[in-house]
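Undergrad: Fold the following for me, if possible:
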Amino acid sequence: MELGHWQLIPGLEWDNNAFGFVYLITNLTNNKKYIGCKMLKKIIKRKPLKGKKNKRHCEVESDWKEYTSSSNELNNDITTLGKQNFKFEIIQFAYSKSHLKYCEAKQQFDNDVLLKEGWYNGIINLRVGRIKLT
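TA: Got it, this is the predicted structure:
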């Protein structure tokens with residue numbers, strides 16, 4: 001499986017059933033880190049077929065292989081220092097959107113990303129409902 005610039009942490013194997021993943025990006029020059037999440041798939045809504053009323057929903061692969069982060073500060077550092085000075089790790093897979101957001105927030109809270117120095121994370125944006133794993 002081609003992972004782009006991403007690598008799996010030791011002990012984690014690729015899961016074709018995953019909806020998305022939680023990741024850790026580490027700046028190798030100063031050890032500053034970022035925890036985020038990325039969906040592997042996205043749903044595209046298309047117009048209904050002629051004579052039909054329901055929209056068509058298609059699942060397509062997202063841009064996860066090229067994706068770096070939603071953090072402007074981190075993306076600026078990646079542009080300035082180059083991707084080779086960063087480690088992009090997939091640390092956990094998730095199986096629905098709510099599961100993905102829950103896992104991301106749990107990792108962020110467990111690592112105290114807002115309380116400790118050395119993190120790019122500046123906000124934990126959280127809105128999670130009941131987790132559906134099917």
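
Undergrad: Quick check: pLDDT value at the nearest residue to residue 22 once chain neighbours are set aside.
TA: Once flanking residues are discounted, residue 22 sits nearest to residue 92: 4.3 Å by C-beta to C-beta, 6 or more residues apart in numbering. For glycine as for every other residue, the C-beta is placed from the backbone atoms N, C-alpha and C. In this model, residue 92 is scored at 97, pLDDT.

Undergrad: pretty sure residue 92 is touching residue 105, no?
TA: No: in this structure, residue 92 is not within contact of residue 105 by C-beta atoms under 8 Å, at 11.9 Å.

Undergrad: how about the strands in the chain?
TA: All strands of the chain, identified by DSSP state E, fall at 6-8, 20-27, 33-39, 41-46, 56-61, 86-94.

Undergrad: ok, residues contacting the second one?
TA: Yep, that's strand 20-27 we're talking about. When contacts are defined by C-beta atoms under 8 Å, 6 or more residues apart in numbering, strand 20-27 is touched by residues 6, 9, 32-41, 64, 68-69, 74, 77, 81, 85-94, 97, 100, 103-104, 107, 120.

Undergrad: If we use 7 Å, what do you get?
TA: 33-40, 69, 74, 77, 85-94, 100, 103-104, 107 (C-beta atoms under 7 Å, 6 or more residues apart in numbering).

Undergrad: And the first one, by the same measure?
TA: With contact meaning C-beta under 7 Å, 6+ apart, strand 6-8 is reached by 14, 88-90.

Undergrad: Please apply the same query to the fifth one.
TA: Residues from elsewhere that reach strand 56-61 (C-beta under 7 Å, 6+ apart): 40-46, 48.

Undergrad: can you tell me the average pLDDT over that strand?
TA: Strand 56-61 shows an average pLDDT of 88 in the prediction.

Undergrad: Note down every partner strand of it and its orientation.
TA: strand 41-46 (antiparallel) (DSSP bridges).

Undergrad: pull the CA atoms of the longest helix along the chain into CSV?
TA: Ordering each helix of the chain by length in residues (DSSP state H) puts helix 97-110 first. Coordinates of each C-alpha in helix 97-110 appear next as CSV, following Å, rounded to 0.1, in the frame of the first residue of the first chain:
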residue,chain,number,x,y,z
LYS,A,97,-16.6,10.1,11.4
SER,A,98,-17.8,10.3,15.0
HIS,A,99,-15.2,7.6,16.0
LEU,A,100,-12.5,9.6,14.1
LYS,A,101,-13.3,12.8,15.9
TYR,A,102,-13.5,11.1,19.3
CYS,A,103,-10.1,9.4,18.8
GLU,A,104,-8.5,12.6,17.7
ALA,A,105,-9.8,14.5,20.8
LYS,A,106,-8.9,11.7,23.1
GLN,A,107,-5.3,11.7,21.8
GLN,A,108,-5.1,15.5,22.1
PHE,A,109,-6.4,15.5,25.7
ASP,A,110,-4.3,12.5,26.7
